[in-house]
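1. What follows is a protein structure lacking sequence information:
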């Protein structure tokens, strides 16, 4: 049988055919019918009849691992309290975007799937999903010339990645997003694409948000035909999408087993990975055996101190806040190397370190009131609320704008504030305590360009921005602001004096911030401050794979039956996570999950 190769299929899409939409049209036609769905309760492991273990082989051999951080491989388990025969099924390990993308597509293709995850529900952090050149992006003017974009992205990553993976993503992520958009349309979600600032930050359009659910709703009228229906991405758009995938899978017959921890993988006598030894929610040892293939979709290792020190030392800094994903302990990476897999050859691994407001709200207002508190002031006036939301979305698209003054805990300016979120998070690491303070006065709004929050959406005007800068929450004096934020007042005043001097000159001779972003601090106040800190969201490093996501051993050979998708798969991000493709990690998980399912259905 001729093997269907993901990389080869990508090579069949030239830039010319891709941009004309021929590839996207073909992809949509190939999708087929999609079943309906919605959230379900977590279920316990399947309690069907036990299977004989006869030809199922045994778990991997115990002994020293090739990687000290993984520890020795556990002793093989050969006796199970319960055996689940997966003959004819795929075993997915992990319940995030990477796992559910594979599972959902496999179910649509008529395949049988069992999913196990140690968490008690679906999981994910973040909100947006990036893809190049989806049909929606083309409709709203967000088309990207990937032949120009890819070399730039590779330079950002020092070419220290598997460029074959990026080529596939550039040419086929739009196809996967069209599939996801079809699901959203059937489920009543609206997909919108964030507007981006095109200047020196250079972000690419393609950040898709799934709006209209409980977590990312609409600011006013819920009537889908209403002119007052403005979608919002405030919150976490992915929280409305993943429950939908979960329900589609369970309604399609998938066996869902939450609170089930994989302890080790099972190999057949010929070395093929065909199952896993798990501890169930009830504490039983369960053997899942005879699977057609096992797909690791277990995420990253931000909460494993030994892995951070060995693989991503930048993220091990005491100045980085950790703890967003308590379950991110590198399980899939360990399972893989215990089964003989190699880790990626890109070192050190790339962290996703963002600068986040202390209250951790991406659309936080630059004043003492939270965004929710400001919205409450406008809740009785739908028009004002709509205008406020328009401004809020635009400012988020501008990554809160960089017209402000940024100082460290010493009250000193330390960088060019006009920097993308991901790189700014790295810069914050160098500051005392990993914390900085963003200083504003109301004239800040005069320096923000009028812009839409999403492509094709309403444009925020100066009057709309004025609603965002709520007057009730400012500090009357610099001394009050300094005292409230434990900053040295005299140093801060001198820093503000110098910054205003540079703004008046129109030239930042200290840090070369572009002149159009030099917004002076109004000495009359009121004064506003958003403290931000470095926060580790994900460590992007994993198992060595080929472009078809087969997991490879130390000799570069395929480990039969074992695949990896998402953050557990390696060589996709180098240096540090770049936000020039906002939503890239979810986008990568969706794209390769969709493509891997098609590959598995044809070849496994």
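-> Happy to help now that I have it. Since we're looking at a predicted model, the values are computed, not measured. Numbers count the residues shown, from 1 in each chain.
2. Near residue 88, how many other residues are there?
-> 10 (other C-beta atoms under 10 Å). No exception for glycine: its C-beta is placed from N, CA and C like everyone else's.
3. which stretches of the stretch 351-500 of the chain have low pLDDT?
-> Scanning the stretch 351-500 of the chain with the threshold set as pLDDT under 70 gives 358-371, 396-401, 454, 456, 468-473.
4. mind listing the helices in it by residue range?
-> 371-378, 382-397, 421-428, 462-468, 478-484, 489-505 (DSSP state H, counting those that start in this stretch).
5. what packs against the fourth one?
-> Contact here means 3 or more C-beta pairs under 8 Å, 6 or more residues apart in numbering; DSSP states H and E; on that basis helix 462-468 packs against helix 382-397.
6. 10 Å instead?
-> The contact analysis (3 or more C-beta pairs under 10 Å, 6 or more residues apart in numbering; DSSP states H and E) places helix 462-468 against helix 371-378, helix 382-397.
7. The first one too?
-> Under the contact definition 3+ C-beta pairs under 10 Å, 6+ apart, helix 371-378 sits against helix 382-397, helix 462-468.
8. how far is the longest strand seen in the chain from where the chain is centred?
-> In the chain, with assignment by DSSP state E, the single longest strand is strand 528-540. In this view, strand 528-540 has its centroid 15 Å away from the chain centroid, taken as C-alpha atoms, centre = their mean, to the nearest Å.
9. Mean confidence (pLDDT) on that strand, please.
-> The average pLDDT within strand 528-540 is 87.
10. contacting residues around residue 521?
-> Residues near residue 521 by C-beta atoms under 10 Å, 6 or more residues apart in numbering: 404-405, 439-441, 443-444, 478, 495-497, 499-500, 503, 527.
11. Based on its surroundings, how many neighbours for residue 465?
-> By other C-beta under 10 Å, neighbour count at residue 465 equals 24.
12. right, and it touches residue 440 too?
-> No: in this structure residue 465 lies outside contact range of residue 440 using C-beta atoms under 10 Å: 11.7 Å.
13. for the closest residue to residue 112 other than its chain neighbours, what are its contacts?
-> Nearest non-adjacent residue to residue 112, counting by C-beta to C-beta, 6 or more residues apart in numbering: residue 89, 4.2 Å away. When contacts are counted by C-beta under 10 Å, 6+ apart, residue 89 touches 106, 111-114, 253-255, 288, 290-293.
14. Out of these, which is nearest to residue 386?
-> Nearest to residue 386 among these: residue 254, at 40.4 Å, using C-beta to C-beta.
15. mind listing what the closest residue to residue 439 other than its chain neighbours touches?
-> The shortest distance from residue 439 to any non-neighbouring residue, by C-beta to C-beta, 6+ apart, is to residue 405 (4.4 Å). The contact partners of residue 405, by C-beta under 10 Å, 6+ apart, come to 413, 417, 437-441, 444, 492, 495-496, 498-500, 503, 513, 518-521, 529.
16. can you do 6 Å?
-> 439, 499, 521 (C-beta atoms under 6 Å, 6 or more residues apart in numbering).
17. what does stretch 417-433 contact?
-> 201, 317, 319, 353-355, 399, 402, 406, 408-409, 415, 434, 436, 513-514, 517, 534, 576-579.
18. The nearest residue to residue 344 once chain neighbours are set aside: how many residues sit nearby?
-> The shortest distance from residue 344 to any non-neighbouring residue, by C-beta to C-beta, 6+ apart, is to residue 570 (2.6 Å). Residue 570 has 27 neighbours, counted by other C-beta under 10 Å.
19. I'd assumed residue 542 was in contact with residue 570.
-> Yes: if you go by C-beta atoms under 6 Å, residue 570 and residue 542 touch, sitting 4.1 Å apart.
20. Just list what the helix or strand hosting residue 170 packs against, helices and strands only.
-> Using DSSP states H and E, residue 170 falls within helix 163-187. In terms of contacts (3 or more C-beta pairs under 6 Å, 6 or more residues apart in numbering; DSSP states H and E), helix 163-187 is packed against helix 6-11, helix 22-31, helix 584-603.
21. next helix or strand past that helix?
-> Next in sequence after helix 163-187, counting helices and strands by DSSP H and E, comes strand 190-193.
22. What pairs with the very next helix or strand once past that following strand, parallel or antiparallel?
-> Going down the chain from strand 190-193, the next helix or strand is strand 207-211, by DSSP H and E. For strand 207-211, the paired strands and their directions (DSSP bridges) are strand 129-130 (antiparallel), strand 190-193 (antiparallel).
23. Of the ones you listed, which shows the lowest average pLDDT?
-> Taking the mean pLDDT of the strands paired with strand 207-211, strand 190-193 comes last: a mean of 87.
24. Strands of the stretch 201-350 of the chain, start to end?
-> Along the stretch 201-350 of the chain, counting by DSSP state E, counting those that start in this stretch, strands occupy 207-211, 255-257, 261-267, 273-279, 285-289, 293-296, 350-357.
25. Format these as TSV; extra columns: distance to residue 603 and mean neighbour count.
-> Formatted as TSV, the strands of the stretch 201-350 of the chain follow (distance: least, C-beta to C-beta, whole Å; neighbours: other C-beta atoms under 10 Å):
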stretch	distance to residue 603	mean neighbour count
strand 207-211	29	29
strand 255-257	22	22
strand 261-267	19	23
strand 273-279	15	25
strand 285-289	21	25
strand 293-296	9	29
strand 350-357	30	25
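26. quick one, which of these is nearest to residue 248?
-> Nearest of the strands of the stretch 201-350 of the chain to residue 248, taken as C-beta to C-beta: strand 255-257 at 11.5 Å.
27. helices or strands up against the closest one?
-> By 3+ C-beta pairs under 6 Å, 6+ apart, strand 255-257 packs against strand 112-116.
28. What residues sit buried inside the strand it packs on?
-> 112-116 (16 or more other C-beta atoms under 10 Å).
29. ok, so of these, who is nearest residue 373?
-> Using C-beta to C-beta, the buried residues of strand 112-116 come closest to residue 373 at residue 115, 40.0 Å.
30. so the closest one touches residue 91, yeah?
-> No: when contacts are counted by C-beta under 6 Å, residue 115 is not listed as touching residue 91 (7.9 Å).
31. measure residue 463 to residue 377 for me?
-> Remark: distance between residue 463 and residue 377 (C-beta to C-beta, to the nearest Å) = 16 Å.
32. More neighbours: which of those two?
-> residue 377 (15 against 11).
33. Next one: that one relative to residue 183, how far apart?
-> Note on residue 377: its distance to residue 183, by C-beta to C-beta, is 37 Å.
34. How about residue 316?
-> In this view, residue 316 and residue 183 are 38 Å apart by C-beta to C-beta.
35. now swap in residue 121 and tell me
-> 19 Å.
36. Counting neighbours, go ahead and name the busier of those two.
-> Between residue 121 and residue 183, counting by other C-beta under 10 Å, residue 183 is the more crowded of the two (22 against 15).
37. Mind pulling up the pLDDT for the more buried one?
-> At residue 183, the model reports a pLDDT of 97.
38. Likewise for residue 596?
-> For residue 596, the predicted pLDDT is 98.
39. That one touches residue 549, doesn't it?
-> Yes: counting by C-beta under 6 Å, residue 596 does reach residue 549; the two are 5.2 Å apart.
40. Could you pull up the residues touching the closest residue to residue 255 other than its chain neighbours?
-> Distances taken as C-beta to C-beta, 6+ apart put residue 114 closest to residue 255, at 4.3 Å, once the chain neighbours are dropped. Residues counted as contacts of residue 114 (C-beta under 6 Å, 6+ apart) are 86, 89, 91, 255.
41. Next one: the last one from residue 173, what distance?
-> Residue 255 is 29 Å from residue 173, where distance means C-beta to C-beta.
42. likewise the third one?
-> Note on residue 91: its distance to residue 173, by C-beta to C-beta, is 26 Å.
43. same question, the first one
-> Here the distance between residue 86 and residue 173 works out to 30 Å (C-beta to C-beta).
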